[in-house]
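Trainee: Predicted model and sequence below, questions to follow.
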Amino acid sequence: MQIRLMEAGDVAAAAHVLAAAHKVDFDFGPMLRRNQSLTPQYWWVMVEQEAVVGVVGATDYGTFAHIGLMAIDPGVQMTGAGTALFEYCFEGLRADGFRSITLYSTDAGLAFYPRFGFRWAGLSTEWVLRKRKSIERRFEVGGNLSRVANWDQDVFGGDRWRLIETLDAEAPGRVLVARDPAGTVQGFAVAQPVVIGPFAASSPEVARDLLDAALDLDYNASPRVILPDAHAEGETLLIAMGFGAFRTSRYFIWGEAPVQRRGWMYGQGAYSLG
Ligand SMILES: CC(C)(COP(=O)(O)OP(=O)(O)OC[C@H]1O[C@@H](n2cnc3c(N)ncnc32)[C@H](O)[C@@H]1OP(=O)(O)O)[C@@H](O)C(=O)NCCC(=O)NCCS
């Protein structure tokens, strides 16, 4: 088996491996292409007799890296392929100086990632809108992105401005920013076509107004929120706004924990994006 950088021509086969490994009928292609465009040097495939049998990648946020979209073709799982591919990615990131690496794990990864020194650091819950509740907004929510990058750097503990710009370009006009009467940024939410995230707010009240504004938009399916930590403010808000929890995943960290305000984080862009 050979491990090499993922090329444009590998994306369809890598997406097929992801769908087969996760047993879902979902096209991972657009997500793979976008994540690779953010950090092209950290996306790899494992190839056996010219067929892609594994994929993994990471996003560079400057202060830390986030690994995502790890999958091995079901036909070659449990033979050491995942260990070899993950080690390659992990060693590459450490060689580039990362002292802090994060990821979200499925149940299959629970026994897998601790082997490499990753430690369990929390539970994330994924929510889907069941029945919208009406509320009265108190904050101004609009599309002016100025100062969002600085505000988010403090909350996320890394630079994800390129990600936000990329999501804005993919679905223009769907980055919503909440400001107080003085015009200071208090939070933002990216209303992707299905997932509302990245989504961060300085208080549950701000988060509530952002989520309500996001729900005024159209979606390709029932909108979802992936709450990075199952914190009380986030879960209470989502329940009050008519969402129901439908699955969980675990947050793992290797090395130093990123310096984040996780209590202000209400939604991630995707598991693969941190
Ligand atoms: C998790 C995964 C990447 C591991 O790849 P792999 O090639 O099977 O891994 P290896 O053969 O190198 O190592 C096997 C170890 O992985 C763990 N593991 C793999 N699949 C597992 C599963 N379905 N349930 C529980 N543990 C699993 C076990 O710890 C196993 O160790 P053991 O053989 O001592 O029991 C692969 O199983 C996979 O793609 N799963 C589906 C997609 C997925 O969940 N990806 C992880 C996203 S975070």
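Mentor: Everything's here; your move. Note that this is a predicted model, so its numbers are computed, not measured. Residues are numbered from 1 along each chain as shown.
Trainee: which parts of the stretch 1-150 of the chain sit against the ligand?
Mentor: Contact residues (Cβ under 6 Å from any ligand atom) of the stretch 1-150 of the chain with the ligand: 21-22, 70-72, 77-83, 105-106, 108-109, 111-112. Where you see a C-beta, it was placed from the backbone N, CA and C, and this is true even at glycine.
Trainee: In stretch 86-96, which of the residues would be classed as buried?
Mentor: Within stretch 86-96, the residues that count as buried by 16 or more other Cβ atoms under 10 Å are F86, Y88, C89, F90, G92, L93.
Trainee: hang on, the earlier thing: filter the residues of the stretch 1-150 of the chain next to the ligand to the buried ones?
Mentor: A21, M70, A71, I72, A81, G82, S105, T106, G109, F112.
Trainee: pretty sure I72 contacts G54?
Mentor: Yes: I72 is in contact with G54 according to Cβ atoms under 8 Å; the separation is 4.6 Å.
Trainee: Just give me the neighbour total for I239.
Mentor: Around I239 there are 14 other residues, counting by other Cβ atoms under 10 Å.
Trainee: what's the first-to-last distance across stretch 208-226?
Mentor: For stretch 208-226, the first-to-last residue distance is 15 Å (Cα to Cα, to the nearest Å).
Trainee: What are the buried residues along that stretch?
Mentor: 208-215, 219, 223-226.
Trainee: hmm, back to that, between I72 and G54, what contacts are shared?
Mentor: V17, M46, A81, G82, L85 (Cβ atoms under 8 Å, 6 or more residues apart in numbering).
Trainee: still on that earlier bit, among the buried residues of stretch 208-226, which are in helices?
Mentor: R208, D209, L210, L211, D212, A213, A214 (DSSP state H).
Trainee: and W44, what helix or strand is that in?
Mentor: Using DSSP states H and E, the element containing W44 is strand 43-48.
Trainee: So for the residue of the stretch 1-150 of the chain found nearest the ligand, what's the nearest residue that isn't a sequence neighbour?
Mentor: Closest to the ligand within the stretch 1-150 of the chain is G82: 2.1 Å, counting by Cβ to the nearest ligand atom. Using Cβ to Cβ, 6 or more residues apart in numbering and skipping residues adjacent in sequence, the residue nearest G82 is I72, 4.6 Å away.
Trainee: Next one, pLDDT for that neighbour please.
Mentor: What the model reports as pLDDT for I72 is 98.
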